[in-house]
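everything below, folded, please.
(chains A and B)
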There are 2 protein chains.
Amino acid sequence: MNLLLALLLACVASTLALSLNTASRRFTSGRSSLNMMASKPKKVFVLGGDGFCGWPTSLYLADQGHEVIIIDNLSRRKIDIELGCDSLTPIASMDERVRVWNSVSQNKIRFKFLDLQLNYAELLNFIKDEKPDTVVHFAEQRAAPYSMKDDRRKRYTIDNNVSGTHNLLCAIVESGQDIHVVHLGTMGVYGYGTSGGEIPEGYLDVILPGGRPTKILHPAYPGSVYHLTKCLDALVFQFYNKNDGLRVTDLHQGIVWGTNTPQTIKDERLINRFDYDGDYGTVLNRFLMQAALNIPLTVYGTGGQTRAFIHITDTARCIDIAINNPPKSGEKVEIFNQVAETLRVGELAKLISSKTGCPTRFLENPRKEDAENELEVSNKKFCNLGLNPITLDVGLLDEVVNIAGKYSNRCDKTKVLPSSFWNKARADAAAKDEARIEDRK
Amino acid sequence: MNLLLALLLACVASTLALSLNTASRRFTSGRSSLNMMASKPKKVFVLGGDGFCGWPTSLYLADQGHEVIIIDNLSRRKIDIELGCDSLTPIASMDERVRVWNSVSQNKIRFKFLDLQLNYAELLNFIKDEKPDTVVHFAEQRAAPYSMKDDRRKRYTIDNNVSGTHNLLCAIVESGQDIHVVHLGTMGVYGYGTSGGEIPEGYLDVILPGGRPTKILHPAYPGSVYHLTKCLDALVFQFYNKNDGLRVTDLHQGIVWGTNTPQTIKDERLINRFDYDGDYGTVLNRFLMQAALNIPLTVYGTGGQTRAFIHITDTARCIDIAINNPPKSGEKVEIFNQVAETLRVGELAKLISSKTGCPTRFLENPRKEDAENELEVSNKKFCNLGLNPITLDVGLLDEVVNIAGKYSNRCDKTKVLPSSFWNKARADAAAKDEARIEDRK
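Numbers count the residues shown, from 1 in each chain, chains lettered A, B, ... in the order given. Have a look, this model is predicted:
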């Protein structure tokens, strides 16, 4: 029956793709005809290379000819154990992933187990020994709900993310090497409605008292402890760039969707993780999981929140573009918005619902955030460097539908509802929420 | 001979005071005739209450009738051991300090040994048990040079300060209590010349693209890892204020000078610490120490750096004003500039030099900073609340001169020159600096 449902949903996906044309807002019109710069392969550390974004990016970079060394403490897998969750897709152990990739590809990768927060001396020695050209830094706790779950997780997120990022910069300066850092940030650092229009790429043109125009780092207005850490990172980057001339590219990414990439589908043991639980599942993947299981799509609040999206394949492409286009010596921190399009959460649910017959259920929002917002985002820089992003209407929805359908027997339905609340008022509202009580039955 | 020198310098001080009138820029003209608000005494935790600012503030608050509990991990004393330095003044142990104060005052204080970064559970329990009205937060590594000394100290400063501040806010939210946090920040978060005129108090009025006026948290442009941590703190405050309604006052303080206050002079065993070493000695105290010993006043770079100053007695007064005027529930983070006046470093040295005959020596600047800057600072808020700040020309210079002279036999001259450099270029410049080589002889 799961297979039938998957086929049905795959069919629905192409219909859906057309409908999405009207609802989603894409940012590709500014794209120039420039091709990506041809660039010689580099030696790249991928910190956090076992994660949802890190793993497919590592394989993509290897496929592009870069020499890739993954560094990870496997914390994402350990948090799954802590939460009693698991990836919907059956991911292989890190050792097996590396072994399989190295058997299907000429471009071998390596893996080193290391904790960025706790193993500073080992990190420094590894940098000195291996002399990477570039360090891609994904190695942070990345779920907003998990970061708001309780005091233990708030503290872990701050300590892990801030110390980890700072240790990395400190070690690079100490090594005396000229290493380019590419960091995964988030669109969430900007806040919503604070830019005076389209959200620019990292820097904001303002007029100071006295009429003097200037360019400032975009004011930070984070919506969770997780987002807060990315804002703290941005100031750490600014300082090390100013004081030590460190070359940094900070990527403000939208919500990532999708599972597989041309690299991870080469062998089932290379499959990427797919999170659907209330803490780590991102909104589109959660909806598709729910549709596959025919359980109500859970929209938080009014669904009027507009968010930015990007496909996992484009995450990997953008990282490669960033690696090949480092800022020059002496230039300030380079910031790109890594997004393909924006869409309201409620519109997304409505479309999926109308095509699958799966009902939508509105829950009290576990987050403290604006109920509704507009969102315009500039992504000109990546487009000018040749990115042609995958959008929700270009046939890739079916990949996710197939994943959700194919592995739906691995789903633990009790893990889908939100279990982290931004503050006591939000937790209290959820406790009285009839839709939620209904769902629990 | 030391005593004679002290008398001579004390005499010089009053002459000097008049001369300073012309060079220093004071910010008291906006003061209204309001008195400080009468307010009922509160139960106050002073985190970092063993330090240079924390100790005299604790005694002042006790003298005002507040119930004071000092919390400290005594890290400042331990860092002295690590650096082979000591306070010029012979400070008593914490136990003795508390015992002596409680014998001379009706307003008893208590002391609890606790590490804010490492003892979260104990902190939370202590908050739950004691239910303070206010927490004054001085408990951060506070020397810019120490924070730039090497990778170990950079990492300690980030980890200690950011985790400590975050743990405090996290524990307050977890306790469910409505506690007002008063935090000691620094003028150094603003950077210099980025405000378009007078530096406002925390928030900057700017015009966004499209012509929309708005008020933003003043852009951060820190000059050391220490200053960076205060900028990170500011974002943590903003988030917890927005998400949890935490009431926070952040004080952006100038460079503190002076040693004793009306409370610390009640008994010699209550004496405040006086730092003169290259890492922890602030510029005016260092000059006076050098003048007392007749060793050249060390000016870094051109001496054209304009900095803001405040006397230690006013630090304590400002904290009391902040405690008595908390932001209301729902208000954003309150920010005060805690400064009395501004002065160029070179002008200060020249005046002291011309009166004492002590030569001035220009050293390569160990810091990476602008050689010269103008500085205008608003401090209207404190003045409107009744602060009448002590300035360098109001006879208090002699107190410092007397301290420097009286205890000059305790000085280790080898500790005065800078021993921390902002980056390799600054360290290399110092190594070739003839003035420095001369001084080392």
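
show me the contacts for the spatially most central residue of chain A.
Nearest residue to the geometric centre of chain A (CA atoms, centre = their mean): residue A:256, 4.8 Å. With contacts defined as CB atoms under 8 Å, 6 or more residues apart in numbering or on different chains, residue A:256 is in contact with A:52-53, A:282, A:309-312, A:315. For glycine as for every other residue, the C-beta is placed from the backbone atoms N, C-alpha and C.

7 Å instead, please
By CB atoms under 7 Å, 6 or more residues apart in numbering or on different chains, the residues touching residue A:256 are A:53, A:282, A:310, A:312, A:315.

which one is the most far-flung residue of chain A relative to its centre nearest to, not counting chain neighbours?
In terms of distance from the mean C-alpha position of chain A, residue A:210 ranks first, at 40.1 Å (CA atoms, centre = their mean). With CB to CB, 6 or more residues apart in numbering or on different chains as the measure, residue B:196 is the residue that lies nearest to residue A:210, at 4.5 Å, once sequence neighbours are left out.

cool, residue A:176 as well?
Using CB to CB, 6+ apart and skipping residues adjacent in sequence, the residue nearest residue A:176 is residue B:424, 7.5 Å away.

for residue B:320, see how far away that neighbour is.
44 Å (CB to CB, to the nearest Å).

so these two - more neighbours on which side?
Remark: of residue B:424 and residue B:320, residue B:320 carries more neighbours, 22 against 11, as counted by other CB atoms under 10 Å in any protein chain shown.

which residues of the stretch 201-350 of chain A lie near chain B?
The stretch 201-350 of chain A has residues A:205-210, A:212, A:216-217, A:219-220, A:222, A:228, A:231-232, A:235-236, A:239, A:243-244 near chain B, with proximity defined as CB under 7 Å from any CB of the partner chain.

now the buried members of those residues.
A:206-208, A:216-217, A:219-220, A:222, A:228, A:231-232, A:235-236, A:239, A:243-244 (16 or more other CB atoms under 10 Å in any protein chain shown).

list the buried ones in the longest helix along chain A?
If you go by DSSP state H, chain A has its longest helix at helix A:151-175. If you call a residue buried by 16+ other CB under 10 Å, then helix A:151-175 has these buried ones: A:151, A:153-175.

what packs against that helix?
In this structure, helix A:151-175 packs against helix A:120-130, strand A:134-137, helix A:144-147, helix A:225-244, helix B:151-175, with contacts taken as 3 or more CB pairs under 7 Å, 6 or more residues apart in numbering or on different chains; DSSP states H and E.

of those, which is nearest residue A:402?
With CB to CB, the closest approach to residue A:402 among the helices and strands packed on helix A:151-175 belongs to helix A:144-147: 26.3 Å.

quick one: contacts of that closest one?
The list of residues contacting helix A:144-147 from outside it, by CB under 7 Å, 6+ apart, reads A:141, A:153-154, A:157, A:224-227, A:278-280, A:366, A:418, A:420.

can you do 10 Å?
Here helix A:144-147 makes contact (CB atoms under 10 Å, 6 or more residues apart in numbering or on different chains) with A:79, A:82-83, A:141, A:153-158, A:161, A:186, A:188, A:222-229, A:277-282, A:366-367, A:369, A:418-422.

just give me how far the host helix or strand of residue A:112 sits from the chain centre.
Element membership of residue A:112, judged by DSSP states H and E, is strand A:109-113. Between the centre of strand A:109-113 and the centre of its host chain there is 22 Å, according to CA atoms, centre = their mean, to the nearest Å.

and stretch A:59-71, by the same measure?
The gap between the average C-alpha position of stretch A:59-71 and the chain average comes to 19 Å, counting by CA atoms, centre = their mean.

repeat for stretch A:79-94
With CA atoms, centre = their mean as the basis, the mean position of stretch A:79-94 lies at 17 Å from the chain mean.

so residue A:134 makes contact with residue A:183?
No. Residue A:134 lies out of contact with residue A:183 (CB atoms under 10 Å); the separation is 11.2 Å.

now for these two: what residues contact both?
Listed as contacting both residue A:134 and residue A:183 by CB under 10 Å, 6+ apart are A:249, A:322.

who's more crowded, those two?
A count of neighbours by other CB under 10 Å puts residue A:183 above the other of residue A:134 and residue A:183, at 27 against 23.

confirm residue A:204 sits in a strand?
Yes. Per DSSP: H, G, I helix; E, B strand; the rest coil, residue A:204 lies within a strand segment.

who's in contact with it?
Counting by CB under 10 Å, 6+ apart, the residues that residue A:204 touches are A:190, A:194-196, A:214-219, B:206, B:208-209, B:216, B:219.

mind redoing it with 7 Å?
Residue A:204 neighbours (CB under 7 Å, 6+ apart): A:195, A:216, A:218.

could you pull out the helices for the stretch 201-350 of chain A?
A:225-244, A:283-293, A:312-324, A:345-356 (DSSP state H, counting those that start in this stretch).

gap between residue A:183 and chain B?
Counting by CB to the nearest CB, to the nearest Å, the separation of residue A:183 from chain B is 16 Å.

so what's that residue up against?
Under the criterion of CB under 7 Å, 6+ apart, the contact partners of residue A:183 comprise A:137, A:233, A:237, A:248, A:250-251.

what about 10 Å?
Contacts here follow CB under 10 Å, 6+ apart; on that basis residue A:183 touches A:47, A:135-140, A:165, A:168-169, A:230, A:233-234, A:236-237, A:248-252, A:322, A:333, A:335.
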